[in-house]
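Engineer: Below is the structure, and that's it, no one-letter string:
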């Protein structure tokens with residue numbers, strides 16, 4: 001069943017939206033309807049590649065799993081910002097880049113639950129500076145700032161900052177230790193271990209419970 005004023009144009013299977021189709025919903029102001037999603041459906045859920053259109057004018061193009069933005073996708077925000085990268089459960093999580101529409105600044109690095117979390121770089125376009133460091137809860141908690149040239153190669157550091165002194169490196173390790181549990185608890189196992197390690201973990205777990 002659909003809300004009053006909504007409409008679906010597309011493929012069906014056993015009474016469920018399944019295949020390619022477009023969903024229309026009533027605008028919040030009650031004046032007409034708007035497109036909310038166009039793309040792939042599986043058993044009445046958005047699944048596969050599709051385009052989500054939001055009330056504020058933002059548009060998402062990318063992969064969906066069980067009605068959530070999941071995997072690779074791009075969000076064009078109504079304020080001019082553009083995010084390209086990974087998503088989990090509808091939130092920016094994993095590796096991604098964000099271009100700030102108002103300033104042209106760019107962040108490239110790790111995300112978790114819609115916030116910058118982990119190693120990353122932030123390019124200040126007007127100042128020609130780049131901040132390289134460790135991010136926690138959307139803030140750069142330790143790192144260094146230097147000048148950069150146009151069109152730099154964007155390679156995210158994993159363990160050390162280039163030329164980091166002992167004080168900065170010590171702060172990096174302190175932050176990573178402090179945020180370790182939060183990051184592990186909110187990151188899928190497949191992103192933490194390779195397939196061989198996962199098989200060993202599952203084998204050990206099954207042996208322990210049987």
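Structural biologist: Looks like it came in fine. For clarity, every value in this text was computed on a predicted model and none was experimentally measured.
Engineer: Surely residue 65 is in contact with residue 50?
Structural biologist: No. Contact criterion C-beta atoms under 8 Å: residue 65 and residue 50 do not qualify, at 10.8 Å. Heads up, the C-betas are built off the backbone N, CA and C, glycines and all.
Engineer: quick one, which of those two is more surrounded?
Structural biologist: Taking neighbours as other C-beta atoms under 10 Å, residue 65 and residue 50 compare with residue 50 leading, 22 against 17.
Engineer: Return the set of buried residues in the strand or helix carrying that one.
Structural biologist: Residue 50 belongs to strand 45-53 when assigned by DSSP states H and E. Using 16 or more other C-beta atoms under 10 Å as the test for burial, strand 45-53 gives 45, 46, 47, 50, 51, 52, 53.
Engineer: which one among these gets closest to residue 4?
Structural biologist: Lowest distance from residue 4 to the buried residues of strand 45-53 (C-beta to C-beta) belongs to residue 53, with 19.6 Å.
Engineer: Just want to check the distance between that closest one and residue 60.
Structural biologist: 8 Å (C-beta to C-beta, to the nearest Å).
Engineer: joint contacts of these two?
Structural biologist: Common contacts of residue 53 and residue 60 (C-beta atoms under 8 Å, 6 or more residues apart in numbering): none found.
Engineer: Now do the SS call for residue 55.
Structural biologist: coil (DSSP: H, G, I helix; E, B strand; the rest coil).
Engineer: Surely it and residue 28 touch.
Structural biologist: Yes. Residue 55 lies in contact with residue 28 (C-beta under 8 Å); the separation is 5.8 Å.
Engineer: Neighbour count for those two, which is higher?
Structural biologist: residue 55 (12 against 8).
Engineer: Mind splitting the protein into its structural domains?
Structural biologist: According to automatic domain parsing, the chain comprises the domains 1-78, 81-210.
Engineer: comparing those, which gets the lowest mean pLDDT score?
Structural biologist: If you rank the domains of the chain by mean pLDDT, domain 81-210 sits at the bottom with a mean of 73.
Engineer: Okay, and the closest residue in space to residue 135 that isn't next to it in sequence sits in which element?
Structural biologist: Once flanking residues are discounted, residue 135 sits nearest to residue 116: 4.0 Å by C-beta to C-beta, 6 or more residues apart in numbering. Assigned by DSSP H and E, residue 116 belongs to strand 115-124.
Engineer: Return the set of buried residues in that strand.
Structural biologist: Using 16+ other C-beta under 10 Å as the test for burial, strand 115-124 gives 116, 117, 118, 119, 120, 121, 122, 123, 124.
Engineer: Mind listing the strands that strand pairs with, and their directions?
Structural biologist: Within its sheet, and counting by DSSP bridges, strand 115-124 is paired with strand 106-112 (antiparallel), strand 129-136 (antiparallel).
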